[in-house]
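Visitor: Predicted model, plus sequence, below.
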Amino acid sequence: MTVSTPAPLETLSPETLSLTTETEFTPRRGRLIVFTGPSGVGKGTLLRALRHRYPALKLSVSATTRSPRPGEVNGQDYFFVSRDEFRAMVEQGELLEWAEFAGNLYGTPKTPVIKEIEAGQWVILEIELEGARQVRETFPHALQLFVLPPSLEELESRIRLRGKDADDAIARRLQRALVEIDAASEFDEQIVNDDLEVALQQLENAIFKD
Ligand SMILES: Nc1nc2c(ncn2[C@@H]2O[C@H](COP(=O)(O)OP(=O)(O)O)[C@@H](O)[C@H]2O)c(=O)[nH]1
Ligand SMILES: Nc1ncnc2c1ncn2[C@@H]1O[C@H](COP(=O)(O)OP(=O)(O)O)[C@@H](O)[C@H]1O
């Protein structure tokens, strides 16, 4: 979705954008970017690096019924809510999209995303496949990116090495990964996260190409 409202001045200043000579980033129109890929492929790692380079990019904070992992902060990594609270958000139409993943509910709070896009910001949704499909219906102009692992063996090893999920949660994520990877061609671009720097460059190119 594109909105012609000019961005607030502070988002255009080089101080907040950490401009490099190669990539001039001046967000004038709001934009929605969907970032999907199997659990453990490196989405969070890539987005952290991207936002380090471009702090003006906004990352939507989702609501989830999953328990916080060690080190995760409520309101920063996710809004951690009960199933009842999540259901109330759905019933009150507060979510832009939502889905169940590996036994937990996840959803994107609508109001902050709409406000940021209307203010000319570029907003990234890091969401799973079903949510991405819903966004494709409601925001057909959103840029849809999919991250692939170099191999299934490497994906499993990354989830295990991350060491943040119980064995049953890992098994569910790997099972779901097969379905998600199968749907990669539905997305505008596919990025293979083998070498992190190469993948980050591909991600930058996809986001800033037009
Ligand atoms: N549909 C949807 N999926 C989400 C949302 N937030 C996170 N997810 C996805 O839910 C899946 C599980 O996320 P998480 O439990 O943090 O595990 P991780 O991806 O293995 O780190 C991932 O594919 C996320 O991209 C959301 O708001 N909506
Ligand atoms: N290109 C890469 N090469 C090797 N390990 C990686 C790479 N990208 C991410 N990782 C590691 O894989 C694990 C999963 O990454 P993470 O960003 O948490 O994935 P996701 O957010 O997709 O679930 C982390 O331990 C991370 O350090």
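Guide: Sure, I can see it. Ligands and ions are numbered 1, 2, ... in the order given.
Visitor: which residues of the protein score low on pLDDT?
Guide: Within the chain, the stretches with pLDDT under 70 are 1-28, 210.
Visitor: Show me what counts as buried in the biggest helix by length in it.
Guide: Assignment by DSSP state H gives helix 167-182 as the longest helix of the chain. For helix 167-182, the neighbour count (16 or more other Cβ atoms under 10 Å) marks Ala169, Ile170, Arg172, Arg173, Leu174, Arg176, Ala177, Glu180, Ile181 as buried. Every C-beta, even on glycine, is put in place using the N, C-alpha and C of the backbone.
Visitor: Save these as CSV, and put in distance to ligand 1 too.
Guide: Below are the buried residues of helix 167-182 laid out as CSV (distance: Cβ to the nearest ligand atom, whole Å):
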residue, distance to ligand 1
Ala169, 8
Ile170, 9
Arg172, 10
Arg173, 6
Leu174, 11
Arg176, 8
Ala177, 9
Glu180, 8
Ile181, 12
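Visitor: follow-up on the earlier one: what sits up against the longest helix of the chain?
Guide: 36-41, 101-103, 128-129, 148-149, 152, 155-156, 159-160, 165 (Cβ atoms under 8 Å, 6 or more residues apart in numbering).
Visitor: Then stretch 194-210?
Guide: Outside stretch 194-210, the residues that touch it by Cβ under 8 Å, 6+ apart are 23, 25, 33, 42, 45-46, 49-50, 53, 122, 143, 145, 147, 150, 154, 188-189, 191-193.
Visitor: Good, we can wrap up now.
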